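Visitor: Only the shape, not the letters, is given here:
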Ligand SMILES: Nc1nc2c(c(=O)[nH]1)N[C@H]1C(S)=C(S)[C@@H](COP(=O)(O)O)O[C@H]1N2
Ligand SMILES: [Mo]
């Protein structure tokens, strides 16, 4: 019956806040940028102003946290990865992406998962601007993987040839994190 809820997950109506470290607060958005670098034809820094001018779409999805809560029927406003990259060319050797967040937090995923048309950079959740706790000003959302891959306070997108563990992955979380296969932890 409950085909929307992956194994081992429980639906919550709330929106729990989970992260490592401090919530960043911004008082001067002219200092914010989003850096795209690594295996690309040209590295870029997208300013806050340019980012906010990109065309946005609405996305409906369910999110699944590795700590076993799922939140169904989220409505987001955001920018597709394709739109963010624009005419930038990804080197064909790039097979993985490292997402870099504020304070050096990172998470890794395959390029093809990052480029899916269901993956996007969010600025609103259920009609409201993201709160600082949930990733203001911009967070990644990759709904088909466990929610830790959805970096809050996104500041960098790095294209890489080989897979490398991000913050939680170095601490025993799964390198891929498919909720439907319960790829939660990968301790040796
Ligand atoms: N920058 C950053 N992004 C992060 C994290 C983090 O510690 N730092 N934690 C991840 C984890 S483990 C989860 S479950 C989700 C939680 O997002 P929420 O607080 O909006 O529910 O954010 C993910 N993104
Ligand atoms: Mo998490």
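Guide: Received, thanks. Note that this is a predicted model, so its numbers are computed, not measured. Ligands and ions are numbered 1, 2, ... in the order given.
Visitor: Could you pull up phi and psi at residue 95?
Guide: Backbone geometry at residue 95, expressed as degrees, to the nearest 10, gives phi -120, psi -10.
Visitor: before we move on, what about the one 5 residues further on?
Guide: Recorded main-chain torsions at residue 100 are phi -110, psi 130, according to degrees, to the nearest 10.
Visitor: what bridges to it?
Guide: residue 106, residue 156 (DSSP bridges).
Visitor: how close does residue 133 sit to residue 49?
Guide: Relative to residue 49, residue 133 is positioned 24 Å away (criterion: Cβ to Cβ, to the nearest Å). (Glycine included, C-beta is placed from N, CA and C.)
Visitor: Please apply the same query to residue 24.
Guide: Taken as Cβ to Cβ, the span from residue 24 to residue 49 is 19 Å.
Visitor: same check, this time on residue 61
Guide: Taken as Cβ to Cβ, the span from residue 61 to residue 49 is 28 Å.
Visitor: More neighbours: which of the two?
Guide: Set side by side, residue 61 and residue 49 show more neighbours around residue 61, with 17 against 11, by other Cβ atoms under 10 Å.
Visitor: Does that one touch residue 116 like I think?
Guide: No. Applying Cβ atoms under 8 Å as the test, residue 61 and residue 116 come out as separate, 11.4 Å apart.
Visitor: Is the strand ranked longest in the chain in proximity to ligand 2?
Guide: Identified as the longest strand of the chain according to DSSP state E is strand 69-80. No. Strand 69-80 stays clear of ligand 2 (Cβ under 5 Å from the ion), getting no nearer than 9.0 Å.
Visitor: mind listing what that strand pairs with, with the direction of each?
Guide: strand 10-11 (parallel), strand 57-64 (antiparallel), strand 120-125 (antiparallel).
Visitor: Kindly calculate the angle that the next helix or strand after the shortest one makes with strand 120-125.
Guide: Along the chain past strand 10-11, the next helix or strand (assigned with DSSP states H and E) turns out to be strand 33-38. For strand 33-38 and strand 120-125, the angle between their directions (axes from the mean of the first three to the mean of the last three Cα atoms, to 10 degrees) works out to 160 degrees.
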